[in-house]
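Colleague: take this sequence and fold it.
(one chain, ligands or ions: 1)
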Amino acid sequence: LAQSPDTARGFTVCFLTGRVMCVVSLIFPFSLLLDLLPPGVCSLLNPAAIYANNEISLGDVEIYGFDYDYTLAQYSNLLHSMIFNTARDILIEQFKYPEGLGKYDYIPGFAIRGLHYDVQKVSCTKFSLLGLVFHCVLVLVEMLSVIELYGGTQHIPLYQMSDFYGKGPSLKQFMDIFSLPEMTLLSSVIDYFITHGIEFDQVHLYKDISDAIRDVHVKGVMYKWIEKDMEQYILHGDEIYAVLNRLVNHKKKLFLITNSPFSFVDKGMKHMVGKNWRDLFDMVIVQADKPNFFTDRRKPFRKLDDNGSLQWDKINQLEKGKIYKEGNLFDFLRLTGWRGSKVLYFGDHLYSDLADLMLRHGWRTGAIVPELETEIRIINTEQYMHSLTWQQALTGLLERMQMYQDAESKQVLLEWMKERQEIRSLTKNLFNPQFGSIFRTFHNPTYFSRRLVRFSDIYMASISCLLNYDVNFTFYPRRTPLQHEAPLWMDQLCTGCMKTPFLEEMVHIR
Ligand SMILES: [Mg+2]
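Modeller: Numbers count the residues shown, from 1 in each chain. Down below sits the predicted model:
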């Protein structure tokens, strides 16, 4: 598993390099470090703000569309443990994997979204282990061994990379929030095989684990847990009700396109919004089979009756209050006339929910990225601010002082380089000790980050962030300086800073 930047040349492997010693140099007095920070710079960002990649005015949006899982329905982390345990048991009981795997539990916070996994290349026989480092469970790979695997380079050519939907000939990108337990299970099983000296086939292993995880979803086990204990699994229901109700009161039209089945969505929406939730929506489409829904014309819409039973009649119009199954976006556009930038669709999956809408169909898009909340809380800490400021100051020093090449200066430069590397790791580890932030790998935006910018007009931690903004609010993206530009303009401290919640009357709901 690797966190990687997206570069024009292809892909650079940044595998784990071992336990990092986080020692900040004592050469530079701490009081001076504090002086580098502008006053009031900590706790500046509001985790409930909405961030813009493109300018968009909500006043122009007449129709709001939503995905369901992890967009309207936010699930608690307990779900990940349940998925992990169930898939692990499927491996043991159905796929006859060793019973010793039963000792592995889910490790919250081990993996992050957006990681790449090389299905073919990473053979256990070539691993160079540094031992069991994280919670005595999961293996680390030494950087030199990884470079050896890739023929002496960190670079992977574009043609070997994942395709548009994160599936390449050998590299798979994990983009789904549900893939967190999958990545942890993959790492656990590999750990078991390596520590017990058991030879295994990497390709079979990957497929078996994917199948086990898929079974948890497809066979409906997961739906049953959630339906049985909504209170425990579904978060922020009252805020979702407030968002939807407010949009309808402002004469906006709402629709839902989800891959989940009707009975599951119906129970969840009743829990969050109330038994009359369908009155708020003009259109509800279930089991839509996204992303194929957006690209493939072949499946026509089918209608469900009020009990969720399938009807056979041909669909010539989409009626308010009815439930539809399958279908495709081309028929949806033809029957509703809801085209272009007056439609704003929210989803959590950058590929399955948003990519085609942005690139092919011209709807506006909003990405739900729950990780934003935790990451912004970390960015707001003094520790992060100090590390980042010192790291940038050291980088500036190195850039300016590199021309001094006498022996004494060279020694100082070397120490600065070492210290900079330590602080870079320290800053990265604040987010996740294994893989860092989902948005940056050291100074570069990650592959995930670039896709987020490309496929979403706005992004936020949760749909409920909409409650902080007027329904006619215009989002302006920050003017990020290009490499040859000086950041001379005054908007660098605007988006997300201090001014939210913007609406006093909505404070009670947050
Ligand atoms: Mg979803």
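Colleague: and what about the residue most central in space within the chain, helix, strand or coil?
Modeller: The geometric centre of the chain, computed from its C-alpha atoms, lies nearest to residue 113 (CA atoms, centre = their mean), at 4.9 Å. Local secondary structure at residue 113 is given as coil here, using DSSP: H, G, I helix; E, B strand; the rest coil.
Colleague: wait, it touches residue 179, no?
Modeller: Yes - with contacts counted by CB atoms under 8 Å, residue 113 reaches residue 179, the gap being 7.0 Å. All C-beta atoms are positioned from the backbone trio N, CA, C, and that covers glycine.
Colleague: next, the buried residues of stretch 327-346.
Modeller: Using 16 or more other CB atoms under 10 Å as the test for burial, stretch 327-346 gives 327-329, 331-332, 335-336, 338, 343-346.
Colleague: what about it, how long is it end to end?
Modeller: From its first residue to its last, stretch 327-346 covers 19 Å (CA to CA, to the nearest Å).
Colleague: residue 67 versus the residue nearest to the centre of the chain, what's the distance?
Modeller: Residue 113 sits 16 Å away from residue 67 when distances are taken as CB to CB, to the nearest Å.
Colleague: and residue 384, by the same measure?
Modeller: Using CB to CB, we find residue 384 at a distance of 31 Å from residue 67.
Colleague: which bits of the stretch 251-400 of the chain sit near the ion?
Modeller: With CB under 5 Å from the ion as the criterion, the stretch 251-400 of the chain comes near the ion at residues residue 348.
Colleague: all helices of the stretch 251-400 of the chain, in order?
Modeller: Taking DSSP state H, counting those that start in this stretch, the helices of the stretch 251-400 of the chain run over residues 262-272, 292-295, 329-336, 356, 371-379, 382-401.
Colleague: want to try TSV for the ones you listed, with mean pLDDT as columns?
Modeller: Supplementary listing: these in TSV, determined by pLDDT from 0 to 100:
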stretch	mean pLDDT
helix 262-272	95
helix 292-295	94
helix 329-336	96
helix 356	93
helix 371-379	95
helix 382-401	93
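Colleague: among the ones you listed, which is nearest residue 213?
Modeller: Of all these, helix 262-272 sits nearest to residue 213, with 17.8 Å by CB to CB.
Colleague: check the offset of the closest one from the chain's centre.
Modeller: Its chain's C-alpha centre and that of helix 262-272 lie 24 Å apart, by CA atoms, centre = their mean, to the nearest Å.
Colleague: what's the answer for stretch 406-413, then?
Modeller: 43 Å.
Colleague: now it: buried residues?
Modeller: Using 16+ other CB under 10 Å as the burial criterion, the residues of stretch 406-413 that qualify are residue 413.
Colleague: who's in contact with residue 465?
Modeller: Taking CB atoms under 8 Å, 6 or more residues apart in numbering as the contact definition, residue 465 lies against 48-50.
Colleague: which residues are in contact with the helix or strand hosting residue 92?
Modeller: Using DSSP states H and E, residue 92 sits in helix 78-93. Outside helix 78-93, the residues within contact range by CB under 8 Å, 6+ apart are 97-99, 101-102, 104-106, 108, 178, 180-182, 184-185, 188-189, 208-209, 212-213, 215-216, 221-222, 225-226, 232-233.
Colleague: now do the buried residues in that helix.
Modeller: Buried positions in helix 78-93, judged by neighbour count with 16+ other CB under 10 Å: 79-88, 90-91.
Colleague: in CSV, list those along with pLDDT.
Modeller: Rendered in CSV, the data for these read as follows (pLDDT from 0 to 100):
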residue, pLDDT
79, 94
80, 95
81, 95
82, 94
83, 95
84, 97
85, 96
86, 96
87, 97
88, 97
90, 96
91, 97
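Colleague: the stretch 101-250 of the chain: helices as residue ranges?
Modeller: In the stretch 101-250 of the chain, the helices defined using DSSP H, counting those that start in this stretch lie at 143-149, 179-195, 202-218, 221-228, 230-233, 237-249.
Colleague: how far does the shortest one sit from the chain's center?
Modeller: Spelled out, that is helix 230-233. Its chain's average C-alpha position is 22 Å from that of helix 230-233, according to CA atoms, centre = their mean.
Colleague: that helix - contacts with which helices or strands?
Modeller: Contact analysis of helix 230-233 by 3 or more CB pairs under 8 Å, 6 or more residues apart in numbering; DSSP states H and E lists helix 78-93, helix 262-272 as its packing neighbours.
Colleague: for the record, mean pLDDT for that helix?
Modeller: The predicted model gives helix 230-233 an average pLDDT of 92.
Colleague: what sits up against that helix?
Modeller: Outside of helix 230-233, the residues that reach it under the criterion CB under 8 Å, 6+ apart are 75-76, 78-79, 225-226, 267-268, 271.
Colleague: what's the closest of the residues you listed to the ion?
Modeller: Taking CB to the ion as the measure, residue 75 is the one of the contacts of helix 230-233 closest to the ion, at 10.1 Å.
Colleague: bridging residues for that closest one?
Modeller: Applying DSSP bridges to residue 75 gives these bridge partners: residue 234.
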